[in-house]
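Colleague: Need a 3D model of the sequence below.
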Amino acid sequence: MARIRLTLLGGFQMRVDDRLVDLPMKKGQALLAYLSIPVGKLHLRDKLGALLWGEVSEPAARAALRQALFVLRRLLGEPSPLRLQDETVALDGDLAAIDVNEFEDCADGGTRTRLERAAALYRGELLEGLALVEPGFEEWLVGERRRLRERAVGTLDKLLALQREAGQLETAVETALRLVTLDPVQEHAHRTLMRLHAQLGRRPAALRQYQICVSALQRELRAEPAAETKALYREILQRRLSAQHPPSSEPPVAADSFAQHEGPARAAPGSEWPMVGRAQALGQLRDALQTAWSGRARLASVIGEAGIGKSRLVAELGAEALAVGGRVLAGHCHESEQVLAFAPWIEALRGGLLVDHVTSLPPACRTELGRLLPEIADEPVASTSDGAAQLFEAVADLVDRAASARPVLLLLEDVHWADDMSLRLLAFIGRRLTSARMLIVVTAREEDLPHATALRRAVEELAAQGRLVRCPLGPLGRDETRRLARTLVTSSEADRLDEPLWRASEGNPFMIVEMVRAHRAGLAAGDPALSIPERVRKLLAIRIERLSDRAQRLAALAAVIGRPFPWTLLQRAAGFDEAETAEIVEELVRRRILLFEGESLQFTHDHVRQVVDRDIFPARRIVLHRRVAETLEQIYADQLDAHAFALGMHYRQGEMWAKAVHYLQRAARQASLRYAHREAVACYEQALTGRARIPDRGSMRKKRPASGSGAPMRST
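Modeller: Coordinates of the predicted model:
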């Protein structure tokens, strides 16, 4: 029976007689690993000395080897697995069990059980984390790591096929995820993951996997996805892959549990690039999350300039919250909807499926929530003269019940654009739910804070209670900028771009990524160290100009819509059929203009939307707004009140004044029902402005020419 067990995959660990033994000597670890692969092989002392002490003389190397072997024999005890005979050294396979050898043995097997064991044994690279400045050993280690990684990829590939044949779709997803993590350019594995997600009813995850595939191929190979991958993406866009199995439900987690829990991860737009240099901020948010999970609610603010990585940071936190069994609610504020009361809360409550908990609420609470979510109201909600306190209480009760079932992470992004009622509700929830298992994270642009008086007041009120975690995000440092660049281009390219990138971006991650992307696409001419952000805008404009004509037209329509929008709205407003729209959207996603966030499409960054929007001719913009409004009317014919504000604003921008007035008045009435009186006044004011633009029919009749002076003007 083996006396010692060596774990070499994923690091170094040694057990002697089932006791964990620490071996601090890096060269001792390297020596044991070299003797283990393969175990039992005889090695000449001179070769071992040159391998691990190649920079010293041969006598000194032999002396160092003798000392290392002496230390190892003492640690390993008797009977020793080390076999020292004259000029050779070996490791006795009868006394030593090596995970690498077991991994390779199981990988040779063709059964699912043996392949699953091999996959479990491959925990990471050989001697992961070990670095020795010894050229001979380094060359051996790099070669072995590559060989074992290729074996692991082959093993996972075989296992994935067997799991799919057996109908083990959830397990197959885990295997496929390991496969694309191990080898990001395994395009067939990305396709398999897309199919699996679609079959399990996770269409957003399938669409997101395509975006991951696009990024990996561009980063590693400067290549685009194969035609088969693009076709599959378009097929999923059109929902042709039916769900063969219902999506798995996520079980609740105990309040004090922070164990790993598998669940789908929600990705924000910023997550398209790797997160670099945010360890401190992420650590603060993790601590706040763990505190909140224990039943002490917390609020965290993430403040920084546009493009600094706020969304990327909270996306990482959201993925971790889901991984430990939490529920993530996300609402976004938009510049064009600052007057729209409760917009981010409505998005968060709907997207987080909190309507599941509505049935357990008292009837009075359900009635109040019907003001925000008309679809859950038992009957039309009547207007009252009461304040918003009852509505606030109803929302708090709903969120509290949801947090009791599963801890809640509530993300409210870009709150510098939030309306007053949303901010008042934020402050109320923060005061009311002090013992809920909930963390609220708000993000805001630093440059817009001076004008966000209501936001500052709400945040400071909660800060006074001692439950606010402040996470200011500043630019990346020079070294961090270099590290981010090296995740996007080869080392030699990064070396050449280091100084220009640092001067031009000043550490802004979005600008770094866009400039590197432009460089790789051949869009950046000469030294990229030009003015920012105008330089970035120019690079984005060039990228957009390289789109096909159809893609440019669809991007312009998306820019007019503005906020995240459903696929159906884009397709119908564009007037394309489903197949054609799917093809164009695939191009926009592949070119990183649009991405899927859940079931909605949106721009990868608001800077991209602004560049597209700026180049739309005014007359064309009017036509596009009309198309969007008319399509909204068709899609939501039975929910017009819920979309009255968007309809009113699009008709207003489309200069169809009568319809604009009609819908803005409806929006004002709906705002009154939500106690959003300021919003109601703003909608009425917009309606009055629109009414003034409607031609007066009486005055037109007075201006008719006298009989005989020409053809009479036809009455409208």
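
Colleague: can you give me the strands in the stretch 551-700 of the chain?
Modeller: Along the stretch 551-700 of the chain, counting by DSSP state E, counting those that start in this stretch, strands occupy 565-566, 594-597, 600-603.

Colleague: average pLDDT for the shortest one?
Modeller: Think strand 565-566. Taken as a whole, strand 565-566 has an average pLDDT of 90.

Colleague: Would you mind pulling up the elements that that strand packs against?
Modeller: strand 600-603 (3 or more Cβ pairs under 8 Å, 6 or more residues apart in numbering; DSSP states H and E). No exception for glycine: its C-beta is placed from N, CA and C like everyone else's.

Colleague: Within the sheet, what are the partner strands of the strand it packs on, with directions?
Modeller: The strands beside strand 600-603 in its sheet (DSSP bridges) come out as strand 565-566 (antiparallel), strand 594-597 (antiparallel).

Colleague: Return the distance of the first one from the chain's centre.
Modeller: In terms of Cα atoms, centre = their mean, to the nearest Å, the gap separating the centre of strand 565-566 from the centre of its chain is 18 Å.

Colleague: Could you do the last one as well?
Modeller: From the chain centre to the centre of strand 594-597 is a distance of 10 Å (Cα atoms, centre = their mean).

Colleague: Which positions within the helix or strand encompassing Arg543 qualify as buried?
Modeller: According to DSSP states H and E, Arg543 maps onto helix 534-545. For helix 534-545, burial by neighbour count (16 or more other Cβ atoms under 10 Å) applies to Arg535, Val536, Arg537, Lys538, Leu539, Leu540, Ile542, Arg543, Ile544.

Colleague: need those residues in CSV with distance to Leu329 and pLDDT, can you?
Modeller: CSV is the format used below for the buried residues of helix 534-545 (distance: Cβ to Cβ, whole Å; pLDDT from 0 to 100):
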residue, distance to Leu329, pLDDT
Arg535, 37, 68
Val536, 32, 77
Arg537, 33, 81
Lys538, 38, 80
Leu539, 35, 75
Leu540, 31, 83
Ile542, 38, 84
Arg543, 33, 84
Ile544, 33, 91
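
Colleague: Compile those into CSV and extend it with columns for distance to Arg591.
Modeller: Formatted as CSV, these follow (distance: Cβ to Cβ, whole Å):
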residue, distance to Arg591
Arg535, 19
Val536, 16
Arg537, 17
Lys538, 17
Leu539, 13
Leu540, 11
Ile542, 12
Arg543, 7
Ile544, 9
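
Colleague: one step back: among the strands paired with strand 600-603, which is the most enclosed?
Modeller: Most buried of the strands paired with strand 600-603, by mean neighbour count (mean count of other Cβ atoms under 10 Å): strand 594-597, with a mean of 23.

Colleague: Using CSV, write out the CA atom coordinates for that one.
Modeller: Extracted C-alpha coordinates of strand 594-597, given in CSV (Å, rounded to 0.1, in the frame of the first residue of the first chain):
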residue,chain,number,x,y,z
LEU,A,594,-24.8,44.9,-29.1
LEU,A,595,-25.1,42.2,-26.5
PHE,A,596,-27.8,40.2,-24.8
GLU,A,597,-28.6,41.1,-21.2
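
Colleague: rewinding a little: ok, which of the strands of the stretch 551-700 of the chain comes nearest Glu102?
Modeller: Taking Cβ to Cβ, strand 594-597 is the member of the strands of the stretch 551-700 of the chain nearest to Glu102, at 41.5 Å.

Colleague: And the helices in the stretch 351-500 of the chain?
Modeller: Counting by DSSP state H, counting those that start in this stretch, the stretch 351-500 of the chain has these helices, from start to end: 363-369, 389-405, 420-432, 453-463, 478-486, 491-505.

Colleague: what residue ranges in this structure are flagged as low confidence?
Modeller: Across the chain, the ranges flagged by pLDDT under 70 are 1, 240-273, 352-357, 377-387, 491, 521-533, 535, 696-716.

Colleague: In the longest helix that it contains, which residues are buried?
Modeller: Longest helix in the chain by number of residues (criterion: DSSP state H): helix 135-165. The neighbour-count check on helix 135-165 (16+ other Cβ under 10 Å) flags 137, 140-141, 144-145, 148-149, 151-153, 155-160, 162-164 as buried.

Colleague: With stretch 459-470 instead?
Modeller: By 16+ other Cβ under 10 Å, the buried positions in stretch 459-470 come out as Val459, Leu462, Arg467, Leu468, Val469.

Colleague: could you redo the strands paired with strand 600-603 as CSV and give each row distance to His677?
Modeller: Converted to CSV, the strands paired with strand 600-603 look like this (distance: least, Cβ to Cβ, whole Å):
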stretch, distance to His677
strand 565-566, 28
strand 594-597, 32
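
Colleague: out of those, which comes closest to Leu688?
Modeller: Using Cβ to Cβ, these put strand 565-566 closest to Leu688, at 28.5 Å.

Colleague: hmm, who's touching that closest one?
Modeller: For strand 565-566, contacts defined as Cβ atoms under 8 Å, 6 or more residues apart in numbering pick out Ala558, Glu599, Ser600, Leu601, Gln602, Ile635.

Colleague: In CSV, list the helices of the stretch 351-500 of the chain along with distance to Gln211.
Modeller: As requested, these are exported to CSV (distance: least, Cβ to Cβ, whole Å):
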stretch, distance to Gln211
helix 363-369, 34
helix 389-405, 29
helix 420-432, 29
helix 453-463, 31
helix 478-486, 19
helix 491-505, 23
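
Colleague: closest to Asp615 out of the ones you listed?
Modeller: Closest to Asp615 of the helices of the stretch 351-500 of the chain is helix 491-505 (Cβ to Cβ; 22.9 Å).

Colleague: Leu207 is in contact with Ile236, correct?
Modeller: Yes. In this structure, Ile236 is within contact of Leu207 by Cβ atoms under 8 Å, at 6.3 Å.

Colleague: The two: which has the busier surroundings?
Modeller: Ranked by neighbour count (other Cβ atoms under 10 Å), Ile236 and Leu207 place Leu207 first, with 25 against 21.

Colleague: For that one, grab phi and psi.
Modeller: When read as degrees, to the nearest 10, the backbone of Leu207 gives phi -70, psi -40.

Colleague: show me what contacts the closest residue to it other than its chain neighbours?
Modeller: With sequence-adjacent residues excluded and distances taken as Cβ to Cβ, 6 or more residues apart in numbering, Leu207 is closest to Phe596, at 4.1 Å. Phe596 makes contact with Pro204, Leu207, Arg208, Gln211, Val589, according to Cβ under 8 Å, 6+ apart.

Colleague: Provide a list of residues in contact with Val100.
Modeller: Residues near Val100 by Cβ under 8 Å, 6+ apart: Leu8, Leu9, Ser36, Ile37, Leu126, Leu148.

Colleague: who's the closest residue to the third one other than its chain neighbours bridged to?
Modeller: Read it as Ser36. Nearest non-adjacent residue to Ser36, counting by Cβ to Cβ, 6+ apart: Ile98, 4.5 Å away. Beta-bridge pairing of Ile98 under DSSP bridges involves Leu6.

Colleague: ok, which stretches of the stretch 251-400 of the chain are strands?
Modeller: 298-304, 327-332.

Colleague: Domain-wise, how is this protein divided?
Modeller: Domain ranges of the chain: 1-183, 185-242, 276-472, 478-545, 582-695, per automatic domain parsing.

Colleague: Report the distance from the last one to the chain centre.
Modeller: Between the mean C-alpha point of domain 582-695 and the mean C-alpha point of its chain there is a distance of 26 Å (Cα atoms, centre = their mean).

Colleague: just the first one next, same as before
Modeller: When distances are taken as Cα atoms, centre = their mean, domain 1-183 is centred 35 Å away from the chain's centroid.

Colleague: ok, now the second one?
Modeller: Centroid separation for domain 185-242 versus its chain: 16 Å, with Cα atoms, centre = their mean.

Colleague: pretty sure Ala642 is touching Tyr636, no?
Modeller: Yes. The criterion here is Cβ under 8 Å, and Ala642 meets it with Tyr636 at 6.9 Å.

Colleague: how about stretch 98-115: buried residues?
Modeller: Neighbour counts using 16+ other Cβ under 10 Å place Ile98, Asp99, Val100, Asn101, Phe103, Glu104, Cys106, Ala107, Arg112, Arg114, Leu115 of stretch 98-115 among the buried residues.
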